[in-house]
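K.L.:
Task: produce atomic coordinates for the following.
(chains A, B, C, D, E and F)
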Protein chains: 4
Amino acid sequence: MSKAARLDIDLPPRLRDADRSQQAILDAARDEFAQLGLGGARVDRIAERAAVNKRLIYYYFGNKDGLFLAVLENTYLQIREAERQLHLADLPPVDAVRRLTEFTWTYYLEHPEFITLLNSENLHRATHLEQSLRIREMNSPLIQTLGEILERGRALGQFRGGVDPVQLYISIAALAYFYLSNQHTLSTIFGRDLMTPKARSERLSHVTEVILGYVLRS
Amino acid sequence: MSKAARLDIDLPPRLRDADRSQQAILDAARDEFAQLGLGGARVDRIAERAAVNKRLIYYYFGNKDGLFLAVLENTYLQIREAERQLHLADLPPVDAVRRLTEFTWTYYLEHPEFITLLNSENLHRATHLEQSLRIREMNSPLIQTLGEILERGRALGQFRGGVDPVQLYISIAALAYFYLSNQHTLSTIFGRDLMTPKARSERLSHVTEVILGYVLRS
Amino acid sequence: MSKAARLDIDLPPRLRDADRSQQAILDAARDEFAQLGLGGARVDRIAERAAVNKRLIYYYFGNKDGLFLAVLENTYLQIREAERQLHLADLPPVDAVRRLTEFTWTYYLEHPEFITLLNSENLHRATHLEQSLRIREMNSPLIQTLGEILERGRALGQFRGGVDPVQLYISIAALAYFYLSNQHTLSTIFGRDLMTPKARSERLSHVTEVILGYVLRS
Amino acid sequence: MSKAARLDIDLPPRLRDADRSQQAILDAARDEFAQLGLGGARVDRIAERAAVNKRLIYYYFGNKDGLFLAVLENTYLQIREAERQLHLADLPPVDAVRRLTEFTWTYYLEHPEFITLLNSENLHRATHLEQSLRIREMNSPLIQTLGEILERGRALGQFRGGVDPVQLYISIAALAYFYLSNQHTLSTIFGRDLMTPKARSERLSHVTEVILGYVLRS
DNA sequence: AATGAATGAGTGTTCATTCAT
DNA sequence: GATGAATGAACACTCATTCAT
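P.N.:
Numbers count the residues shown, from 1 in each chain, chains lettered A, B, ... in the order given. Now for the predicted structure:
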């Protein structure tokens, strides 16, 4: 059966084979890189996971680093898109900060690959990211939005003044990210499973309290 | 020159050669693992850095994973020892929390290898740490001390109640660790160097405010 | 020259390159394993002998043990095929037994690699062979044929009764195999070269007499 | 306690430490070589098995090959000694041949290390044995004894004439040795356990019949 | 007689990558 | 767009052996 025949209009719209292969590679690579890091990932295994010929990876992405960058870009694209859906600007300041905090926690929890990919990239001192034009362009508008929220809250007398939105954003991320990223060593050291439903729920409460305890005027 | 001759009484007591070799390997391995991760580290390079025969690494540490574990154990030993020197129990509660926060930030800043080693270990789901009897035994007494400080502060009416010392400890660590661990991607994304002296100083202030803003009764 | 061009119809059909490489590896490995045993064989040397890249050995055979098994399977295939060519069933019983004896001696003599390969495999307690489906399937039909020959000879009043064809087959093999397999120690111990043409001829006569002396009715 | 003190006459006579170490090494080496062949044996493991320092092996035996030769010499010494105990010359010819056959079978069965050691040595073309003066000197007197037995039997009209005692000795050894040496591949190929008590008993009967069937005048 | 420390040369195996079609 | 065959460089790890006391 020819390729044209397969792209029948009666079928739900589907990706062309080329795009399908590329996407399969990206998905497989994301899983492999996330599980084993850039250094531990194997091109052979990615090809196997994607069920494509290994040579194809080089055809589309040049080399392993090129593939890793593509995965990173994809990953950032997705979280940026998710952030945009929050519509924080439409919420009262306190709700906005709480929502951002909860979103951040939940997103990291549901996307563990995000954490390991970023850790890998930081081990390599962001050398891939620095080469990416796309990533620099999608420079998060979130910081600006967060700055406006902080200002609104301050104007309403709810928030303290002088809060740097970048510092705050990093702190929100930090409180969620570190807990999840270092869950294995922390659990071992403390002899306490940090990932039970109860523990996770308590962590979110704690993080929210810390963040709100900081921004709210006392 | 004989070994006895080298052990001159005027000189500080020297390590025996075996200990010297082991320590040289450990130091070299710590640097190599810290820079490149477990997967990226090369046993050959560690031998070169330590100026010992590669075979000796296997003689003393069994294999690469055994060496990595030894480095991890060493690393934990050192931070535990540094924590013990803080004498937090002797300080007023507010000073104690502030001191712990500052110490954590400074320690991570001055020991970047601690961060990358832990990231590597977490990528491997703490499989090395779990095998270590020594690490489990040196289960930080800090948590208990921190719990007592929180209770003292609460009794004095300075601190809010209901604070879990483990959560607080993780948060203090998180706010420092994540900033440093992810400095490369964050700097790239925000287009702003997070490691200038000014930026670092501001981060410490921010972290201290966040932590104190949380524990202090409002 | 293209591959198609090489496949000239005037020439005997050539193996495809992949098959050629595999066969070159198998031949080289057979020689190496035969000369030095499984433990003494070197993958590097096999690659050199076969004039292929060492990596290719792993590409096709997985690892050294996989290669050894492939060589073993090949070796068994060949002797089984040679046995089939004997057409023992078509001969009078006495001639059949004599022919089998002579064949066994000659085959071992001309295929010394068969002996050292089997010795290696037995040193490893047949762990490779046990994993092989192919070998088990080619379970020699010779035993059945030999059983029928023995029965025919007995019915003719030529052979004694009650002879187990498996025992007899093992004995025929033993008398030839041991002499060749242990030729070096035996020659040294007895101070007498067992491999001169005269000695070899005498051995075959002896073996034939022993075997016939046993099966023939006295 | 001094060594002299330990060698107290009240204690049962014991080997001096030096001899004890040497013997421990030889025993350990015999096991290791027997199990894994010369190539597969590990000097480290031999030292471990013998519970002596590895350096001591070199002190006493020079190198791995020297140790292997010492084990071989030891092994031959023992079987020669056992053969001497048979007193074949004192038996009637038929009993003598039967006894030698049974002894050979039983000795190989109870000393599997003899077989693997000889196989290893033959893989190396008896290069060790050839260097040994001791082995050449202990040139088996068995062949002469066997020759005399054959002559006695022939004179009595019991045995056929023209039997070469070397050929006969090799055949007796072959029928026992091969069955045991190749038990693993044979069992796998025939799908039948050759080492059950019943199978072993049947093999001895068969071998005896073959040998007697050959030497006895028909 | 005995030993802990040390080593050069290799050993099977893996890896990202390219060739040739 | 896709692929089976092939490769050089490197990899963790091993080995018999020697050093120094």
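K.L.:
Now do whichever residue of chain A sits closest to DNA strand F against chain C, distance only.
P.N.:
Using Cβ to the nearest atom of the strand, the closest approach of chain A to DNA strand F is made by A:Arg55 at 2.9 Å. For the C-beta atoms, the positions are set from N, CA and C on the backbone; glycine is no exception. Between A:Arg55 and chain C the computed distance is 14 Å (Cβ to the nearest Cβ, to the nearest Å).
K.L.:
how far is whichever strand or helix holds that residue from where the chain is centred?
P.N.:
Secondary structure here is read from DSSP states H and E; on that basis A:Arg55 sits in helix A:54-61. Mean-position distance between helix A:54-61 and its chain equals 25 Å (Cα atoms, centre = their mean, to the nearest Å).
K.L.:
Equivalent analysis for stretch A:76-90, please.
P.N.:
11 Å.
K.L.:
tell me the mean pLDDT over it?
P.N.:
For stretch A:76-90, the mean pLDDT works out to 93.
K.L.:
got it, and stretch A:157-169?
P.N.:
For stretch A:157-169, the mean confidence score works out to 96.
K.L.:
what's the first-to-last distance across it?
P.N.:
Stretch A:157-169 stretches 21 Å from its first residue to its last (Cα to Cα, to the nearest Å).
K.L.:
Would you mind listing the buried residues in that stretch?
P.N.:
A:159, A:163-169 (16 or more other Cβ atoms under 10 Å in any protein chain shown).
K.L.:
Equivalent analysis for stretch A:27-44, please.
P.N.:
A:28-34, A:36-41, A:43.
K.L.:
How many residues are close by the closest residue to A:Tyr60 other than its chain neighbours?
P.N.:
Ranked by Cβ to Cβ, 6 or more residues apart in numbering or on different chains and with sequence neighbours excluded, the top spatial neighbour of A:Tyr60 is A:Gln22, at 5.4 Å. A:Gln22: 20 surrounding residues under other Cβ atoms under 10 Å in any protein chain shown.
K.L.:
Helices of chain A, start to end?
P.N.:
With DSSP state H as the criterion, chain A has helices at A:3-6, A:17-40, A:43-50, A:54-61, A:64-84, A:93-110, A:112-123, A:127-131, A:133-137, A:142-155, A:165-181, A:183-190, A:197-215.
K.L.:
domain parsing for chain A?
P.N.:
A:13-62, A:72-215 (automatic domain parsing).
K.L.:
Could the C-alpha coordinates of stretch A:109-125 be exported in PDB?
P.N.:
Output of stretch A:109-125 as PDB, limited to C-alpha atoms (Å, rounded to 0.1, in the frame of the first residue of the first chain):
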ATOM      1  CA  LEU A 109       5.300  15.800  40.100                       C
ATOM      2  CA  GLU A 110       3.600  14.700  36.900                       C
ATOM      3  CA  HIS A 111       6.600  15.400  34.700                       C
ATOM      4  CA  PRO A 112       9.600  13.800  36.500                       C
ATOM      5  CA  GLU A 113      11.500  13.800  33.200                       C
ATOM      6  CA  PHE A 114      11.600  17.600  33.400                       C
ATOM      7  CA  ILE A 115      13.700  17.400  36.500                       C
ATOM      8  CA  THR A 116      16.200  14.800  35.300                       C
ATOM      9  CA  LEU A 117      16.500  16.500  32.000                       C
ATOM     10  CA  LEU A 118      17.300  19.800  33.600                       C
ATOM     11  CA  ASN A 119      19.700  18.200  36.000                       C
ATOM     12  CA  SER A 120      21.500  16.700  33.100                       C
ATOM     13  CA  GLU A 121      21.700  20.000  31.300                       C
ATOM     14  CA  ASN A 122      23.000  21.700  34.400                       C
ATOM     15  CA  LEU A 123      25.700  19.100  34.800                       C
ATOM     16  CA  HIS A 124      26.700  20.100  31.300                       C
ATOM     17  CA  ARG A 125      26.600  23.800  32.300                       C
END
